[in-house]
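S.K.: Kindly generate the corresponding structure for this input.
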Amino acid sequence: MTCTLLNINISLRETIMIAFALIALLLIIPFAIFDTLRSKNLTNTKKNLWILFILIAPYLGAIVYLFWGRKQKAL
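M.R.: Below you'll find the model as predicted:
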């Protein structure tokens, strides 16, 4: 089974993978940014650097922040 997206035939498996990527983009990345802004453990400089990292490398930045950045304590 194929569907057409912009005159490109893609399979159902590829459509599901694209859907998961979009869900991640719409849920995980904004969550990471808002969590960064709300964090009381990070200085403003660290918050800005984390947000910049999340915006430059969205998927990698959000995942790294969620697993490592949330545990950082202010110096």
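
S.K.: quick one: low-confidence parts of the protein?
M.R.: 1-8, 72-75 (pLDDT under 70).

S.K.: Show me how far the host helix or strand of I33 is from its chain's centre.
M.R.: Assigned by DSSP states H and E, I33 belongs to helix 12-38. Chain-centre distance of helix 12-38: 6 Å, with Cα atoms, centre = their mean, to the nearest Å.

S.K.: If you count neighbours, what's buried in that helix?
M.R.: Neighbour counts over helix 12-38 (16 or more other Cβ atoms under 10 Å) mark I28, I29, A32, I33, T36 as buried. For glycine as for every other residue, the C-beta is placed from the backbone atoms N, C-alpha and C.

S.K.: Check the contact between the third one and Y59; I expect there is one.
M.R.: In this case it means A32. No: counting by Cβ atoms under 8 Å, Y59 is not a contact partner of A32; they are 10.1 Å apart.

S.K.: Need the three-state assignment for I54.
M.R.: helix (DSSP: H, G, I helix; E, B strand; the rest coil).

S.K.: I'd like the distance between it and L26.
M.R.: 14 Å (Cβ to Cβ, to the nearest Å).

S.K.: tally of neighbours for G61?
M.R.: Around G61 there are 21 other residues, counting by other Cβ atoms under 10 Å.

S.K.: show me the contacts for the closest residue to it other than its chain neighbours.
M.R.: Spatial nearest neighbour of G61, chain neighbours left out: I54 (3.7 Å); criterion: Cβ to Cβ, 6 or more residues apart in numbering. By Cβ atoms under 8 Å, 6 or more residues apart in numbering, the contact list for I54 reads I29, A32, I33, T36, G61, A62, Y65.

S.K.: The fifth one: helix or strand, and which one exactly?
M.R.: It refers to G61. Using DSSP H and E, the element containing G61 is helix 58-67.

S.K.: Taking helix 12-38 as reference, get the angle to that helix.
M.R.: 50 degrees (axes from the mean of the first three to the mean of the last three Cα atoms, to 10 degrees).

S.K.: Keeping just the C-alphas, turn helix 58-67 into PDB.
M.R.: Taking Å, rounded to 0.1, in the frame of the first residue of the first chain, the C-alpha atoms of helix 58-67 are listed here in PDB:
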ATOM      1  CA  PRO A  58      16.300  19.700  17.600                       C
ATOM      2  CA  TYR A  59      16.000  16.000  18.100                       C
ATOM      3  CA  LEU A  60      19.500  15.500  19.500                       C
ATOM      4  CA  GLY A  61      19.300  18.600  21.600                       C
ATOM      5  CA  ALA A  62      16.000  17.800  23.100                       C
ATOM      6  CA  ILE A  63      17.000  14.200  24.000                       C
ATOM      7  CA  VAL A  64      20.300  15.200  25.500                       C
ATOM      8  CA  TYR A  65      18.600  17.900  27.500                       C
ATOM      9  CA  LEU A  66      15.900  15.600  28.800                       C
ATOM     10  CA  PHE A  67      18.400  12.900  29.900                       C
END
